[in-house]
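Asks: With the input below, show me the fold.
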Amino acid sequence: MKHPSNRELFEHWNARRGERLAPERNDIEPAAIRKILGDTFVLEANGSATPMFRLAGTRLCALFARELKGESFNQLWHRSGQTAVRELLSVVMDEKVGVVASVSGATSDDMLLPVSLEMMLLPLLSDTRSEARVIGALAPMAVPYWLGAKPVGALSLGMFRHLGPAVDAAAPPRFRAARGRLSKHGLTIHEGGRAAE
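Replies: Okay, the predicted model is just below:
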């Protein structure tokens, strides 16, 4: 996590979840994260194929030069990347793991001014998949001079990694030490590999 808004949101989410995989939506205290509310958003599934913005911060809406509440989250992305974003959100909601990702975009006009962003997606506990919620943040790594004057066009997903207790609990693979060399047809073979658990 490079962006301060994402670090602060993750710290609050992590503190509020306690021993659970994720906090409930009522556990999130807006007053505790008031400095970053402009970059944050909440998505809700409501049984639809793609989550919709339930809430979107003012700085986030300024990036796209429109109110995002009620809009499909998938519509922010290039058509070629919408399936990947949909699958990433499904993992966040179903497996209760967070994600931090690099995102790139550009203005939607002829000038194509680029912007580099960082996105965080964190699950919130719910009783059913149709009530699933995700809290997140999307913020530019450096505030572009044209912010508010020109809208960002379709976004592209970059590298991402998973976060949270489900990821932390996964044991790293263990390897056995090599036990000598066998020569076969001019190749050297080292015995070893993953240890059985």
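
Asks: check contacts around the nearest residue to residue 158 once chain neighbours are set aside.
Replies: Nearest residue to residue 158, sequence neighbours excluded (C-beta to C-beta, 6 or more residues apart in numbering): residue 102, at 3.6 Å. (Each C-beta comes from the backbone N, C-alpha and C, glycine too.) By C-beta atoms under 8 Å, 6 or more residues apart in numbering, residue 102 lies in contact with 116, 117, 118, 119, 158, 159, 160.

Asks: Of the residues you listed - the most surrounded one?
Replies: Within the contacts of residue 102, most neighbours by other C-beta atoms under 10 Å means residue 119, with 24 neighbours.

Asks: So, low pLDDT: which residues of this structure?
Replies: Residues of the chain meeting the criterion pLDDT under 70: 47-49, 128-130, 165-197.

Asks: Look through it and tell me its longest strand.
Replies: Across the chain, the longest stretch assigned as strand under DSSP state E is strand 114-124.

Asks: hey, where'd the helices end up in the chain?
Replies: Secondary structure of the chain (DSSP state H): helices located at 4-17, 58-64, 82-95, 165-168.

Asks: Show the contacting residues for residue 63.
Replies: 115, 138, 140, 147, 151, 152.

Asks: Let's see that with 7 Å instead.
Replies: 147, 152 (C-beta atoms under 7 Å, 6 or more residues apart in numbering).

Asks: export stretch 75-86 as CSV, just CAs?
Replies: C-alpha atoms of stretch 75-86 as CSV (Å, rounded to 0.1, in the frame of the first residue of the first chain):
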residue,chain,number,x,y,z
GLN,A,75,-18.7,0.9,-15.9
LEU,A,76,-15.5,2.6,-14.7
TRP,A,77,-13.3,0.1,-16.4
HIS,A,78,-12.3,-0.6,-20.0
ARG,A,79,-14.5,-3.2,-21.5
SER,A,80,-11.6,-5.6,-21.9
GLY,A,81,-10.9,-5.5,-18.2
GLN,A,82,-14.5,-5.7,-16.8
THR,A,83,-14.5,-9.5,-16.5
ALA,A,84,-11.2,-9.4,-14.4
VAL,A,85,-12.7,-6.6,-12.1
ARG,A,86,-15.9,-8.6,-11.7
